[in-house]
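*Asks:* Here is the input, now give the coordinates:
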Amino acid sequence: MPVLLLMSLNKSLNNDIMIDRDNFTIGRSCGCQFLLDNAFVSKIHFRIRFSMPDGSQLPDGQAFFIDDLSRNGTFLNNEKIGNESAKPIKPGDIIHILRACEDTQDKYFSFKAKFPPLKWGLLLRSLNPEYNDIEVNDEPFDLGSATHCDVKISDDRIKGFISAHHFRVSFPAAGCSEECIAVLEDLSTNG
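*Replies:* Numbering: from 1, shown residues only. Okay, here's the model as predicted:
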């Protein structure tokens, strides 16, 4: 699933919004996924979606849409979207809640769209209480008895069963189904 980061243009308020699900709503209603408590913000001010209203995928090259659901207006690059209208979002686009102006007060309601790269993590749980769990955040991640592996197995009791490069973990950018988040590659000589 795609991820969209809306970076607040007023860093002192630290209101960056990470959008990681379809039909993500922003407004002053407690039912919104992101709450902006301000009288000028509509109960549901706008929605970000990754799919068409009927649930089908967006056309090629379009990853995100913004739907204006407000009374007071949502602006994309200083152009009013229009109530119950939608526009595609591109990296670098500026979203304003209320009309944009140079006044720093309105920067509270302004966000810059950014498409961060996906970052995966994996926890390899140890079934033996003598060994620690292993957290995998970078790729490729190698485990084995060689000194240059990310995790080096040096316990004399099991060292004979661990290959120099026993296995590698990687996080594919594409080509996996939604159930696949990591690839475990067996590099061992003994399985």
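
*Asks:* Can you report how many residues neighbour D186?
*Replies:* Neighbour count for D186, taken as other CB atoms under 10 Å: 12. Where you see a C-beta, it was placed from the backbone N, CA and C, and this is true even at glycine.

*Asks:* How much space separates it from I48?
*Replies:* Between D186 and I48 the computed distance is 40 Å (CB to CB, to the nearest Å).

*Asks:* how far does the worst-scoring helix or strand of the chain on mean pLDDT sit from the chain's center?
*Replies:* In the chain, no helix or strand scores lower on mean pLDDT, DSSP states H and E than strand 122-124, which sits at a mean of 79. For strand 122-124, the separation from the chain centroid amounts to 19 Å (computed by CA atoms, centre = their mean, to the nearest Å).

*Asks:* Could you do stretch 131-146 as well?
*Replies:* Centre-to-centre, stretch 131-146 and its host chain are 23 Å apart (CA atoms, centre = their mean).

*Asks:* correct me, but S42 touches L69?
*Replies:* Yes: if you go by CB atoms under 8 Å, S42 and L69 touch, sitting 6.7 Å apart.

*Asks:* Overlap of the contact sets of the two?
*Replies:* Counting by CB atoms under 8 Å, 6 or more residues apart in numbering, the shared contacts of S42 and L69 are G27.

*Asks:* Just give the number of residues close to R49.
*Replies:* 19.

*Asks:* residue contacts, it?
*Replies:* By CB under 8 Å, 6+ apart, the neighbours of R49 are 22-24, 64-65, 67.

*Asks:* hang on, the earlier thing: could you list the residues in contact with the least confident helix or strand of the chain?
*Replies:* Under the criterion CB under 8 Å, 6+ apart, residues 133-136, 169, 171, 181-182 lie in contact with strand 122-124.

*Asks:* Please report the distance of R157 from G27.
*Replies:* Taking CB to CB, one finds R157 at 59 Å from G27.

*Asks:* quick one on the thing from earlier: can you list contacts of whichever helix or strand comes after the least confident helix or strand of the chain?
*Replies:* Where DSSP states H and E defines the elements, the next helix or strand beyond strand 122-124 is strand 134-136. For strand 134-136, the external contacting residues (CB under 8 Å, 6+ apart) are 121-124, 126, 143, 151, 169, 182.

*Asks:* and strand 134-136, which strands flank it?
*Replies:* Using DSSP bridges, the strands paired with strand 134-136 are strand 122-124 (antiparallel).
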